[in-house]
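**Q** Only the shape, not the letters, is given here:
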């Protein structure tokens, strides 16, 4: 299985979604990546949201009402489950649609003329369906679903970033005009305020909602939490530090502040 779903409380509407924390690449997928091993290791250091699954797991354990946790087990270099699988995806401009063909430094990762369909069929669509099912489960159980997307980003912009010229606060909250209600945003600002400046939609904006609900179901709310990596780990790809526990506590405060 390329993802895990860790059940939370039956009456919790919250799903902590961790899509980019893993580094694993199946051997048959590795053969389609042109980087040599050392270069691939460096790319994984840059592209992976290292330790974010630990942050989500520690937060879930600390919550008064345990949220559900949906975590990707594979690297986003296999597929990126949060991209649009079609021409709506703006990151196609830098070779980073659902199946990446370029690296964070704009080098060739895969041949651009390769067929992405086998990877989409094997990894992307089953992941999307499972996340859709997880959201539907929270709707059926509680009447609402709250997706909190847990990410991290480098302290200095990487060449692939389309909007890297803006502020890079310790915590960036990514929002969606339809799916991020003011109360959710306010709760997140308050929960993370002791972690430093809390910014909005810079350097990354938007949040993830399965396409079945995207832009149409107001019962599904969502927020992306982007944590600047130097606040909790050694960049790039190094060990976590004491900041991890502070961020996990802040994430738990956010979950506990959300109504049932």
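**A** Structure's in. What do you need? All values reported here derive from a predicted model rather than from experimental measurement. Residues are numbered from 1 along each chain as shown.
**Q** which stretch of helix or strand covers residue 42?
**A** Take DSSP states H and E as the rule and residue 42 turns out to sit in helix 37-47.
**Q** how about the helices in this protein?
**A** 27-30, 37-47, 52-62, 117-119, 125-142, 182-192, 243-257 (DSSP state H).
**Q** Okay, angle between the third one and helix 243-257 too, please.
**A** Direction vectors for helix 52-62 and helix 243-257, defined by axes from the mean of the first three to the mean of the last three Cα atoms, to 10 degrees, enclose an angle of 50 degrees.
**Q** Tell me the predicted confidence for the nearest residue to residue 15 once chain neighbours are set aside.
**A** Among residues not flanking residue 15 along the chain, residue 68 sits closest, at 4.7 Å (Cβ to Cβ, 6 or more residues apart in numbering). From N, CA and C alone the C-beta is placed, and that goes for glycine too. Looking at residue 68, its pLDDT stands at 98.
**Q** Look up how far residue 131 lies from residue 68.
**A** When distance is defined by Cβ to Cβ, to the nearest Å, residue 68 is 11 Å away from residue 131.
**Q** now swap in residue 27 and tell me
**A** 25 Å.
**Q** ok, what's across the strand from the closest residue in space to residue 138 that isn't next to it in sequence?
**A** Distances taken as Cβ to Cβ, 6+ apart place residue 145 nearest to residue 138, at 3.9 Å, with adjacent residues excluded. Beta-bridge partners of residue 145, counted by DSSP bridges, are residue 220.
**Q** sorry, back to before: neighbours of the residue nearest to residue 15, how many?
**A** Applying other Cβ atoms under 10 Å, we find 23 residues neighbouring residue 68.
**Q** Same check on residue 214?
**A** Count around residue 214 with other Cβ under 10 Å applied: 15.
**Q** what's near enough to touch it?
**A** residue 179 (Cβ atoms under 8 Å, 6 or more residues apart in numbering).
**Q** And for residue 184?
**A** Applying Cβ under 8 Å, 6+ apart, the residues near residue 184 are 146, 221, 223, 258.
**Q** And those residues, which two are furthest apart?
**A** 223 and 258 (10.0 Å; Cβ to Cβ).
**Q** List the residues that are in contact with both of these two.
**A** 146, 184.
**Q** one step back: more neighbours: residue 27 and residue 131, which one.
**A** residue 131 (25 against 6).
**Q** pretty sure the more buried one contacts residue 17?
**A** Yes - between residue 131 and residue 17 there is a contact under Cβ atoms under 8 Å: 7.2 Å.
**Q** intersection of neighbour lists for the two?
**A** Contacts common to residue 131 and residue 17, judged by Cβ under 8 Å, 6+ apart, are residue 70.
**Q** which sections of the stretch 151-260 of the chain are below the confidence cut-off?
**A** Scanning the stretch 151-260 of the chain for pLDDT under 70 picks out the ranges 260.
**Q** Over to the stretch 1-150 of the chain?
**A** Using pLDDT under 70, the stretch 1-150 of the chain has no residue that qualifies.
**Q** The residue nearest to residue 138 contacts residue 139, correct?
**A** Yes - Residue 145 is in contact with residue 139 according to Cβ under 8 Å; the separation is 5.3 Å.
**Q** Good, we can wrap up now.
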